[in-house]
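S.K.: Any chance you can model this:
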Amino acid sequence: MLLLSYLLLSGVTTGALYALVALGIVVVNKATGVINFAHGELFMFSGFVAWSLHVGAGLAYPIALPLAVAVGFALGVATDRIAFRPLMKADVISLVLATVGIAFVLRGVARVIWGGKADYLAFPPITSPEPVMLGEIMVIPQQLAVLAGAIVVMLVFAAFFRLTRAGKMMQATADNAKAATLVGIRTERIYTLSFGTGAAIAAAAAVLMAPLTLLYPDMGFAFFIKGFAAAVLGGLTSLPGAVLGGVTIGIVEALAGGYIHSSFIEVSAFVVIMFVLIVRPTGLLSFGRVRRV
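M.R.: Residues are numbered from 1 along each chain as shown. Predicted coordinates for the structure are as follows:
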């Protein structure tokens, strides 16, 4: 019971971070039909920005978090302006290569700015790293803090999409861009907002994740793969599906690593995804037609 409680808490916490990364991927894909392959590097770069603000500049964590999210939003807007806007009418391969190019640029810049200090940078814990016992359940306060933060971020962005005018226009553009244009929505601005919002969600995930692990320039690709897998599992056009997919992958990884072997952590989630996609190619919560990306 002790091991199971620890694995479940670890899996849900990690899965919540995967879900945030997946949400950013889905937001951009729903609006533009494109997968932003620089998404992982936006995640990584925002984590380093948070480290510089919190550790380097000495700002409190609650202040560093929104500032890093703002930087992530700006990087997302820049990705739209540099990699997407000039190639909107080009083929998908050109768009993919452009976002991959942005990813390599961000990784190189991160190495220049932070790589000289060390390959790995430690982010101070938000709470005590020592586990506490609640009856027969072992709880790590750090994981609870990160999980609570991830839930708050999800609720904030859910409210943004449901209650704000900009969020509703993003949904309308995602459903039918031509119809949105006919009713007066500036779809080009919505594309920019989508890239910025997706990057901001990734930045929030990076700031929440930073106290649990070490920061290094190559970490973005690994988290992008997990986030993309979560988005595919839940459905590339489904925001609730991204959350479900992320949490599912996190729990499966934790249980496989704890009860089978640590080498199964990377493999188990993709086995589940392959099985689900054989049964339901559009993902668990996606009901639209399949779109090739």
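
S.K.: Leu17 is in contact with Ile249, correct?
M.R.: No - with contact defined as C-beta atoms under 8 Å, Ile249 does not reach Leu17; the gap is 10.4 Å. Backbone N, C-alpha and C define where each C-beta goes, glycine included.

S.K.: what about Arg85, how many neighbours?
M.R.: 13 (other C-beta atoms under 10 Å).

S.K.: Roughly how far does it sit from Arg189?
M.R.: Counting by C-beta to C-beta, to the nearest Å, the gap from Arg85 to Arg189 is 11 Å.

S.K.: does Pro217 sit in a helix, a strand or a coil?
M.R.: coil (DSSP: H, G, I helix; E, B strand; the rest coil).

S.K.: what sits against it?
M.R.: Shown in contact with Pro217 (C-beta atoms under 8 Å, 6 or more residues apart in numbering): Met44, Arg107, Ala110, Arg111, Trp114, Gly115, Asp119.

S.K.: what's the closest of these to Pro211?
M.R.: Met44 (15.5 Å; C-beta to C-beta).

S.K.: check contacts around the closest one.
M.R.: Met44 touches Leu106, Arg107, Ala110, Ala206, Leu215, Pro217, Asp218, Met219, Gly220, Phe223, counting by C-beta under 8 Å, 6+ apart.

S.K.: Helix, strand or coil: sort out it for me.
M.R.: Quick answer, by three-state DSSP: Met44 is helix.

S.K.: Can you tell me how far Ala38 is from Leu208?
M.R.: For Ala38 relative to Leu208 (C-beta to C-beta), the value is 20 Å.

S.K.: between those two, who's got more neighbours?
M.R.: Ala38 (29 against 25).

S.K.: Secondary structure element for Met133, which one?
M.R.: For Met133, the host element (DSSP states H and E) is strand 132-134.

S.K.: Show me which residues of the helix or strand immediately after that strand in the chain are buried.
M.R.: Remark: after strand 132-134, the chain's next helix or strand is strand 137-139, criterion DSSP H and E. The neighbour-count check on strand 137-139 (16 or more other C-beta atoms under 10 Å) flags Met138 as buried.

S.K.: can you count the residues close to Tyr61?
M.R.: So Tyr61, with other C-beta under 10 Å, has 18 neighbours.

S.K.: Same check on Pro86?
M.R.: Residues near Pro86, counting by other C-beta under 10 Å: 11.

S.K.: repeat for the one 10 residues further on
M.R.: In terms of burial, Val96 registers 17 neighbours under the definition other C-beta under 10 Å.

S.K.: For it, grab phi and psi.
M.R.: phi -60, psi -50 (degrees, to the nearest 10).

S.K.: Then Ser238?
M.R.: Torsion angles, degrees, to the nearest 10, at Ser238: phi -120, psi 120.

S.K.: Was I right to think it contacts Val232?
M.R.: No - using C-beta under 8 Å, Ser238 is not in contact with Val232, being 10.6 Å away.
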